[in-house]
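> mind looking at a prediction? Sequence and model below.
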Amino acid sequence: MLGAIEAGGTKFVCAVGNDNGEMLERIQIPTTIPEQTIPMVIEFFKGHEIKALGIGSFGPLDLNEKSDTFGYITSTPKHGWCNFPFVETMKKALNIPVAFDTDVNAAAWGEFLFGAGKGSNCLYITVGTGIGAGAVIGGKCLHGLSHPEMGHIFLRRHPLDRFEGVCPYHKDCLEGLASGPSIEKRWGIKGENLLKDHQAWELEVHYLAQALLQYILILSPEKIIMGGGVMKQSHLFPSIHNEVQRLSEGFLKLPLLEEYIVTPGLGADSGILGALMLAKDIDFGNVPN
């Protein structure tokens, strides 16, 4: 039996399952501070005989195995979690091997194995409390100097947008201008409560389409999967398709965008299933790197 954690900014999803990707039990635990959240996580897994654990976590993370702080959540603005030794803590508590990656890389891995990006070079982007993206290229999760931080790229501003942005590091990067909290702070209301014809969505499409075109130009993914709370506004997809096409200006021969930029094939399970499969790869000596 394998264990998996999808560590998000608002909740931890913990699950146990088998090598085939079948989840046998799962729970949700609020993400508060490590001293409160982690003991509940450990208690759950101690109730099961698992041979390996896969973690997909919010970041930034240190994924360099040669680093003294490998397995840490590093410079996150989330209170209490900065420089938290996630991998070391779980290894000591459970005495099992641990695979560690970003939550969006785990989601991309799940979609690559079982979902909308099955077998293809794919990009998974989440637009919610934050904005992040992970990619599977050549059958491996994309890493390098660090892990991808695609939510912090800079974009051309919409001509009518004077909002300063909410990113604590960059203010008006993609996350600062198009995340769920940016929508709420800019308009004084949560995105889920805005009408479909509200100006907020024009700005959202303006920023997300620019970002997607940059990812297409740089990574050349064969499938783009968009998840997260903001993307539950399904009316955004046709507008994003149209704007990506307009911005490309015929430079790229794009596939049918309705089939290229899509919702997750695994629904809300992309991340937790991907984390479970990271644990499976430990057994086979093939953790994506």
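Okay, I see it.
> tell me where the chain has helices.
Listed in chain order, the helices of the chain (DSSP state H) span 34-46, 86-94, 103-114, 174-178, 180-187, 199-219, 236-248, 257-260, 270-283.
> okay, those helices, which one's buried deepest?
Highest mean neighbour count of the helices of the chain: helix 103-114, a mean of 29 (counted as mean count of other C-beta atoms under 10 Å). C-beta here means a position set from N, CA and C on the backbone, and glycine is covered the same way.
> follow-up on the earlier one: how about the helices of the chain in JSON lines, adding distance to P168?
JSON lines is the format used below for the helices of the chain (distance: least, C-beta to C-beta, whole Å):
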{"stretch": "helix 34-46", "distance to P168": "20"}
{"stretch": "helix 86-94", "distance to P168": "21"}
{"stretch": "helix 103-114", "distance to P168": "19"}
{"stretch": "helix 174-178", "distance to P168": "9"}
{"stretch": "helix 180-187", "distance to P168": "11"}
{"stretch": "helix 199-219", "distance to P168": "18"}
{"stretch": "helix 236-248", "distance to P168": "25"}
{"stretch": "helix 257-260", "distance to P168": "33"}
{"stretch": "helix 270-283", "distance to P168": "23"}
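> would you tell me which of the ones you listed gets closest to R162?
Of all the helices of the chain, helix 180-187 sits nearest to R162, with 9.7 Å by C-beta to C-beta.
> quick check, distance from the closest one to the centre of its chain.
20 Å (C-alpha atoms, centre = their mean, to the nearest Å).
> and the angle for it with helix 199-219?
Here the directions of helix 180-187 and helix 199-219 differ by 140 degrees (axes from the mean of the first three to the mean of the last three C-alpha atoms, to 10 degrees).
> any chance you could list what contacts helix 180-187?
127-129, 163, 165-166, 175-176, 190-191, 194, 198, 200, 203-204, 228-230 (C-beta atoms under 8 Å, 6 or more residues apart in numbering).
> what mean pLDDT does it have?
What helix 180-187 shows for mean pLDDT is 96.
> I'd like to know which elements the helix or strand bottoming out on mean pLDDT in the chain is packed against.
Every helix and strand of the chain was ranked by mean pLDDT, DSSP states H and E. The lowest is helix 270-283, at a mean of 93. Of the remaining helices and strands, those touching helix 270-283 by 3 or more C-beta pairs under 8 Å, 6 or more residues apart in numbering; DSSP states H and E are strand 2-7, strand 11-17, strand 23-30, strand 52-57, strand 98-102, helix 103-114.
> and the shortest one, which strands flank it?
Same thing as strand 98-102. The pairing partners recorded for strand 98-102 under DSSP bridges are strand 52-57 (parallel).
> residues making contact with the strand it pairs with?
Against strand 52-57 from outside (C-beta under 8 Å, 6+ apart): 2-7, 45, 73, 86-87, 90, 94, 96-107, 271-272, 274-283.
> thought F114 was touching P264?
No: using C-beta atoms under 8 Å, F114 is not in contact with P264; the gap is 10.5 Å.
> wait, which of the helices and strands packed on helix 270-283 is closest to F251?
Nearest to F251 among the helices and strands packed on helix 270-283 is helix 103-114; the distance by C-beta to C-beta comes to 25.5 Å.
> tell me the domain ranges of the protein?
With automatic domain parsing as the criterion, the domains of the chain are listed as 2-103+268-283, 116-263.
> distance of the residue most central in space within the chain relative to L61?
Against the mean C-alpha coordinate of the chain, by C-alpha atoms, centre = their mean, the closest residue is V104 at 2.5 Å. From V104 across to L61, the span is 11 Å (C-beta to C-beta, to the nearest Å).
> equivalent analysis for R162, please.
For R162 relative to L61 (C-beta to C-beta), the value is 34 Å.
> those two: who's more crowded?
Shown here are R162 and L61; by other C-beta atoms under 10 Å, L61 has more neighbours (27 against 8).
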